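Novice: Pasted the sequence and its predicted model underneath.
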Amino acid sequence: MKSIKLSKEITSSFLVVGLAHSNGKLIVESGLAKLDEKKIQAILANLGATGKADEIIKVPYTKPETIIFTGLGESSKSYDHEALRRAAGAAARALEGQKSATFALPANDLAQISAIAEGGALGAYSFTEFRGSTKKEQKAVLQEIEILTSLTSAEAKNLAKRAGILAKNTFIIRDLVNTPPSHLTPAIFSTRMKKIALGLGLKVEILDERALKSKGYGGITGVGQGSANPPRLLRVSYKPAKAKKLIALVGKGITFDTGGLALKPANGMEAMKCDMGGAAAVIATVFAAAELKLPIAIDAWAPLAENMVSDNAQRPSDIVSIYGGKTVEVLNPDAEGRLVLADALMRAAEFAKSSGGLDGIIDVATLTGAQAVALGTRTSAVMTNDFEFSGQFLTAAKKAGEQFWPMPLPEELRASLDSPVADLANIGDRMGGMLVAGLFLREFINPQTPWLHLDIASPAFNEAEPHGYTPVGGTGISLRSLICLLESI
């Protein structure tokens, strides 16, 4: 997707129009576009149109040449922004192979324009990097999005530009998540992100396996020691001149997770290339913040390791010393994400001391299978030590159109992490496993620092059918919510 523009006239041969339903009747939502309603209703009735979300119907017309009807669901005087976002995204996916399209959806205010722009841009995505003989058969994504609206002010144009920035950086996450582990080791991840970061004028630090071991990063070192591809700790910092607050973002970066000596079943292991989705999300969020010139300082940390089986692999009952000195008994080598996060959380807080400390710290992780059991495949979890901070994030997530739900950190589960030989164990009660993982991470957080833990395990990787603006594979979840939060701060 190359550009998003606003226009008061239709200039494309392809017109995207909304289709809703009310009491069994179809409602055409064409915005400023003037169409022959009676003719269209007859055509849609013959085609069995319903107006339900994710429905796409293409109809040949005269001017424009083709109308793409995209489902909005239940008819409304003012459509939910996420309904518009998803409808625009579904239309953009259906328009692959086309150069441009005009989107004539309800765009009566700036928020609706923003939603349509975001949805259309996010839907114009494909991942073809590793196709060989079949690459020529793949259609190119929609290149240009034109939003039909009477609102063409500078503010509206800035929102369209913002949508393009969010989409571009979401695609960075999707591309990283979709890249096979043969081509995305911890070192390669760090090198690729460093190149982008330096191009944006950001500061970068990369610790290799020798530095990690010598400086006491026992979690990252322990998880990565079984792999021929050594671990890394990547830091990307954005420090605008007038920033008054500092936020740390920490993302789980397991570039492939076999489970280690707690080997996962072969069925489904291929999806474990997505286990660095949190690291991808926090790094791309800093890129987006820098492009948007947000007046807030951000340190993003990506602890990167490959969890493999070998004669050097971490064993059940091994004890590792996390950065800062706290010891952990590794009862399950497949509960490895929390170990690398612990190192990075401790280092992020220490690093920020010279700048006066953190105003908040957020970790993002594809952490537990229990997340999907509790919340399904599209809703991520939020845990916290500060409900005001959590409320601010949930408000931002709703605005962004991403699904997050608050989850508790029950004190009665904390005792299950006790170890007879170390400061704590890396697993506890199986029941409430997502919450136990959150309690483990809380052990590495200063109680005075507002903290959020985002478990995005299942929503980060879509293994079902594409829907709305969400493709199969990497989704890019959490970037838009984090940006909305940073804007609000």
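Specialist: That came through fine.
Novice: I figured residue 226 was touching residue 318, is that so?
Specialist: No: with contact defined as C-beta atoms under 8 Å, residue 226 and residue 318 do not form a contacting pair (10.9 Å). Heads up, the C-betas are built off the backbone N, CA and C, glycines and all.
Novice: Among the two, which residue is more densely surrounded?
Specialist: Taking neighbours as other C-beta atoms under 10 Å, residue 226 and residue 318 compare with residue 226 leading, 22 against 18.
Novice: So what's the residue count around residue 128?
Specialist: Using other C-beta under 10 Å, residue 128 has 13 other residues around it.
Novice: Double-check that it belongs to a helix.
Specialist: No: if the criterion is DSSP: H, G, I helix; E, B strand; the rest coil, then residue 128 is coil and not within a helix.
Novice: State the distance from it to residue 143.
Specialist: Distance of residue 128 to residue 143, computed by C-beta to C-beta, to the nearest Å: 15 Å.
Novice: swap in residue 300?
Specialist: 30 Å.
Novice: Residue 59 now?
Specialist: In terms of C-beta to C-beta, residue 59 sits 22 Å off from residue 143.
Novice: where does the stretch 101-250 of the chain have low pLDDT?
Specialist: The stretch 101-250 of the chain contains no residues with pLDDT under 70.
Novice: And the helices in it, which stretches?
Specialist: For the stretch 101-250 of the chain, the helices defined by DSSP state H, counting those that start in this stretch occupy 110-123, 154-178, 186-199, 209-214, 218-224.
Novice: Name the stretch among those that sits most buried.
Specialist: Comparing the helices of the stretch 101-250 of the chain by mean neighbour count (mean count of other C-beta atoms under 10 Å), helix 218-224 comes out on top with a mean of 29.
Novice: Could you pull out the helices in the stretch 251-400 of the chain for me?
Specialist: So, for the stretch 251-400 of the chain - with DSSP H, counting those that start in this stretch - the helices run 277-291, 337-352, 370-375, 387-400.
Novice: so who does the nearest residue to residue 399 once chain neighbours are set aside touch?
Specialist: In this structure, residue 399 finds its nearest non-sequential neighbour in residue 484, 5.0 Å apart by C-beta to C-beta, 6 or more residues apart in numbering. Contacts for residue 484 were tallied using C-beta atoms under 8 Å, 6 or more residues apart in numbering; they are 396, 397, 399, 400.
Novice: My guess is residue 414 contacts residue 439. True?
Specialist: Yes: the criterion here is C-beta under 8 Å, and residue 414 meets it with residue 439 at 5.2 Å.
Novice: Which one of these two is surrounded by more residues?
Specialist: Between residue 414 and residue 439, counted using other C-beta under 10 Å, residue 439 has the larger neighbour count: 23 against 18.
Novice: wait, is the more buried one part of a helix?
Specialist: Yes: under three-state DSSP, residue 439 sits within a helix.
Novice: And the contacts of stretch 168-186?
Specialist: By C-beta under 8 Å, 6+ apart, stretch 168-186 touches 122, 125, 127, 129-130, 189, 192, 196, 224, 229-232, 253, 255-256, 273-274, 276-277, 280-281, 283-285, 287-288, 291, 304-306, 460-461, 471, 473-476, 479-480.
Novice: one more time with 6 Å, if that's ok
Specialist: Applying C-beta atoms under 6 Å, 6 or more residues apart in numbering, the contact partners of stretch 168-186 are 125, 127, 229, 231-232, 255-256, 273-274, 277, 280-281, 284, 287-288, 304, 473-474, 476, 479.
Novice: what sits against the closest residue to residue 298 other than its chain neighbours?
Specialist: Spatial nearest neighbour of residue 298, chain neighbours left out: residue 238 (4.7 Å); criterion: C-beta to C-beta, 6+ apart. Taking C-beta under 6 Å, 6+ apart as the criterion, residue 238 is in contact with 202, 286, 289, 290, 298.
Novice: how close does residue 238 get to residue 61?
Specialist: From residue 238 over to residue 61 (counting by C-beta to C-beta), the distance is 47 Å.
Novice: Over to residue 475?
Specialist: 33 Å.
Novice: just residue 463 next, same as before
Specialist: Separation of residue 463 from residue 61 (C-beta to C-beta) stands at 37 Å.
Novice: sorry, back to before: residue 475 and residue 61: which is more packed in?
Specialist: The neighbour comparison of residue 475 against residue 61 (other C-beta under 10 Å) goes to residue 475, with 26 against 17.
Novice: That one and residue 462 touch, don't they?
Specialist: Yes: under the criterion of C-beta atoms under 6 Å, residue 475 makes contact with residue 462 at 5.4 Å.
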